[in-house]
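>>> Provide a 3D model corresponding to the input given below.
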Amino acid sequence: MSARNLGAEDRAAAAAGSHEWGEGLRSQQWFGAEGKTGFMHRSWLRSEGLPDDSFRGRPVIGIANSWSELTSCNIHLRGLADYVKRGVWQAGGVPFEFPTTSAGEPLVRPTAMLLRNLISMDLEETLRANPLDGVVLLAGCDKTTPAYLMGAASVDLPTLLITGGPMLNGKYRGTDIGSGTSVWKFTEAYRAGQIGADEVTEAEGCMARSQGHCMTMGTASTMACISEIMGMQLPGSASVPANDSRRSTLAHIAGRRIVEMVEEDIRPSSILTRTAFENGVRANAALGGSTNAVIHLLALARRIGVELTLDDFDTLVREIPTIVDLMPSGRFLMEDFEYAGGTGALVETLGDLLDRGAPSITGRTLGENYEGAECYNREVIRPLENPVKPVGSGIAVLRGNLAPRGAVIKQSAASTELMTHRGRALVWDSLPEYLIAADDLELDVTADDILVVRNVGPKGYPGMPEVGNLPMPRKLLAEGVVDMVRISDARMSGTSYGTVILHVVPEAAAGGPLAFVRTGDVISVNVPARSLHLEVSDEELAERREGWSPRAVAGSERGWTRLYIEHVLQADEGADLDFLTGSSGAAVGPQAF
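The predicted structure is shown next:
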């Protein structure tokens, strides 16, 4: 049969305005419409070579792709989309791949976090405006994964996430090196004069030796593992390396599964329940996961309408040990985690510390998804009785007059001897000012001092960059000091380590007490007591506040940056935009013709 005659009955039905096409499918509001409306929607897509039956009762599946040559972590997603399409066609659906804004963590200035909410808006509006019945999300780099989950949750179509997978282990002179974590170690060693520039250059070429996102337990790996345990990814998919052929197979299976999910009407709102978030928070502690998960999960919960607070990240994890021995809290990398059994082995090891009745995109529960999973390397995924870090080593939420609404510290990556500390504050109003001072060998600093850098929060930088793991002063590095207490309203890379207090709320640019700390003030930190206190009277702080005004932010006069600064919420609310909280659904707007 010629292409000219293919599907003649379908064309006749369309011309007659038939309503027999795929009733119940959202896409049929476009493709099953009567008269010129349906004619236009179907006709223009003929240019893509689609046969007539593509518009008759087949679920239309979007493939959201954060591929970009500026986002190296996601560079392979363009090819992975083809495997998703295979699965969609095989299951009887019709796939449409589309791009969104993408943000590469290593390149974007001032910070990729500035674009997370923009990416989520881009995805949300694309999903709502187009004839889609379900969507597969292809993400990987730090901010693309949470942004995609946030945008999809706001629309609440059947949704399945595929993360791009981690890079292969870095290899340097017979040892494994990890993205991010080893960057900080090599650069600090270089600043201390312990290694030369040639060694740093050699390590650069040895660290990122394949496609994929960071292979440490940084934010990308953390969000991949958490989203799988929360039910939004196929079981066993988070830790498969990017270059492993099994990831292509998983993409194919995902394409088939999303078509089934449309038929079964499984949506994010039925998966991302309070139980799922509690599992995610607990899993983050067991993984030694990123503090960035706090901000991303808070934002996602507010999009989907689940009550989740900053305190949950402390109270829910007090009985959870860190059992995954991965950098930066441990020794190994994601490739080792996968070969040890991956998320399945983690879930089985945690047992009833997770709610195994939580639903997932498979239509089965968390417990059913991983029933019979085994661990093949108890050095990488430790048993509960022999953890990497003991119970209570997860994220702690500190409060006091310096952080009335909270601040966070990643205990598993901090120095035990600094968990209770009192010292003199050394204060800088900006990151560039601190970086200059940090290289001054004459800087008046001791290991007992507390470094404070402010105006690096959501409004102040803007975008809340990953600079909270302030580089150590060169003077102290030369003396062999490798850690000290550092405080800021910034974030920290999930690949980082050290006794770093982050996300101080309210931030300095919003008039929080951090804005009024002065060099020479005394700060006391008591992590076991969850306390962060500035030893300055309320009366003195009130006097310092008089006449204060926020610093001007460069580039804030126009465009996205202006909108962001005007509407961004604080870190304890997920740093989302105030008008994006709450799900708006997938209702189709009024037709233009």
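>>> Who's the closest spatial neighbour of residue 519, skipping the chain neighbours?
Among residues not flanking residue 519 along the chain, residue 427 sits closest, at 4.7 Å (C-beta to C-beta, 6 or more residues apart in numbering). Heads up, the C-betas are built off the backbone N, CA and C, glycines and all.
>>> In the stretch 51-200 of the chain, what residue spans correspond to helices?
Assigned by DSSP state H, counting those that start in this stretch, the stretch 51-200 of the chain shows helices spanning 77-90, 113-129, 144-155, 181-191, 197-207.
>>> The fourth one versus helix 197-207: what angle between them?
What it means is helix 181-191. 180 degrees (axes from the mean of the first three to the mean of the last three C-alpha atoms, to 10 degrees).
>>> contacting residues around helix 181-191?
The contact list for helix 181-191, computed with C-beta atoms under 8 Å, 6 or more residues apart in numbering, reads 170, 172, 195-197, 199-200, 203, 207, 216, 218, 327-328, 439, 469, 471-472, 474, 477, 482, 495-497.
>>> Buried ones only from these, please, as a ChimeraX command.
Here the buried members of the contacts of helix 181-191 are turned into a ChimeraX selection, burial being counted by 16 or more other C-beta atoms under 10 Å:
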select :170,172,195,203,207,216,218,327,328,469,471,472,474,477,495,496,497
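>>> before we move on, back to that, dump the helices of the stretch 51-200 of the chain into TSV; add mean pLDDT and distance to residue 413 as well.
Converted to TSV, the helices of the stretch 51-200 of the chain look like this (pLDDT from 0 to 100; distance: least, C-beta to C-beta, whole Å):
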stretch	mean pLDDT	distance to residue 413
helix 77-90	98	29
helix 113-129	97	19
helix 144-155	98	20
helix 181-191	89	9
helix 197-207	91	19
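>>> which residues are in contact with the longest helix anywhere in the chain?
As assigned by DSSP state H, the longest helix anywhere in the chain is helix 245-264. Applying C-beta under 8 Å, 6+ apart, the contact partners of helix 245-264 are 25, 59, 61, 80-81, 83-93, 95, 133-136, 158-160, 162, 164-165, 234, 236-237, 240-241, 361-363.
>>> Same check on stretch 528-547?
314, 396-403, 407, 419-420, 425, 487, 501, 504, 511, 513, 515-518, 521-526.
>>> Just confirm residue 41 is within a helix.
Yes. Per DSSP: H, G, I helix; E, B strand; the rest coil, residue 41 lies within a helix segment.
>>> Give the next helix or strand downstream of the lowest-mean-pLDDT helix or strand in the chain.
Least confident helix or strand, the chain: helix 8-15 with a mean of 41, by mean pLDDT, DSSP states H and E. Sequence-wise, the next helix or strand downstream of helix 8-15 (DSSP states H and E) is helix 28-31.
>>> Off-centre distance for that next one?
34 Å (C-alpha atoms, centre = their mean, to the nearest Å).
>>> Helices of the stretch 201-350 of the chain, start to end?
Using DSSP H, counting those that start in this stretch, the helices of the stretch 201-350 of the chain run over 219-229, 245-264, 268-271, 274-287, 292-304, 312-315, 334-339, 342-350.
>>> any chance of the ones you listed in JSON lines, plus mean neighbour count?
Listed next are the helices of the stretch 201-350 of the chain as JSON lines, based on neighbours: other C-beta atoms under 10 Å:
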{"stretch": "helix 219-229", "mean neighbour count": "30"}
{"stretch": "helix 245-264", "mean neighbour count": "21"}
{"stretch": "helix 268-271", "mean neighbour count": "19"}
{"stretch": "helix 274-287", "mean neighbour count": "25"}
{"stretch": "helix 292-304", "mean neighbour count": "26"}
{"stretch": "helix 312-315", "mean neighbour count": "19"}
{"stretch": "helix 334-339", "mean neighbour count": "24"}
{"stretch": "helix 342-350", "mean neighbour count": "23"}
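>>> Out of those, flag the one nearest residue 573.
For residue 573, the closest of the helices of the stretch 201-350 of the chain is helix 292-304, at 6.4 Å, according to C-beta to C-beta.
>>> how many degrees apart are the closest one and helix 274-287 in direction?
Interaxial angle, helix 292-304 versus helix 274-287 (the same axes, to 10 degrees): 170 degrees.
>>> Send over helix 292-304 as PDB, restricted to the C-alpha atoms.
The C-alpha coordinates for helix 292-304 follow below in PDB (Å, rounded to 0.1, in the frame of the first residue of the first chain):
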ATOM      1  CA  ASN A 292      21.600  20.100  48.400                       C
ATOM      2  CA  ALA A 293      19.000  17.400  48.700                       C
ATOM      3  CA  VAL A 294      17.500  19.400  51.500                       C
ATOM      4  CA  ILE A 295      16.700  22.300  49.300                       C
ATOM      5  CA  HIS A 296      15.600  20.200  46.300                       C
ATOM      6  CA  LEU A 297      13.300  18.000  48.300                       C
ATOM      7  CA  LEU A 298      11.800  20.900  50.200                       C
ATOM      8  CA  ALA A 299      11.000  22.600  46.800                       C
ATOM      9  CA  LEU A 300       9.600  19.500  45.300                       C
ATOM     10  CA  ALA A 301       7.400  18.800  48.300                       C
ATOM     11  CA  ARG A 302       5.900  22.300  48.100                       C
ATOM     12  CA  ARG A 303       5.200  21.800  44.400                       C
ATOM     13  CA  ILE A 304       3.300  18.500  45.000                       C
END
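>>> Quick one: work out the angle between that helix and helix 144-155.
Per the same axes, to 10 degrees, the angle that helix 292-304 makes with helix 144-155 is 10 degrees.
>>> which strands and helices sit next to helix 292-304?
Here helix 292-304 touches helix 144-155, helix 219-229, helix 274-287, going by 3 or more C-beta pairs under 8 Å, 6 or more residues apart in numbering; DSSP states H and E.
>>> possible to save those helices as TSV with distance to residue 111?
Below are these laid out as TSV (distance: least, C-beta to C-beta, whole Å):
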stretch	distance to residue 111
helix 144-155	13
helix 219-229	12
helix 274-287	21
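>>> Out of those, which is closest to residue 383?
helix 274-287 (11.9 Å).
>>> contacts for the closest one?
With C-beta under 8 Å, 6+ apart as the test, helix 274-287 has contacts from 217, 222, 225-227, 229-231, 289-290, 293, 297, 301, 306-308, 312-313, 316-317, 320-324, 326, 346, 350, 353-355, 357-359, 366, 393-395.
>>> same thing but 6 Å
For helix 274-287, the external contacting residues (C-beta atoms under 6 Å, 6 or more residues apart in numbering) are 217, 225-226, 229-231, 293, 297, 301, 306, 308, 312-313, 316-317, 320, 323-324, 350, 354-355, 358, 394.
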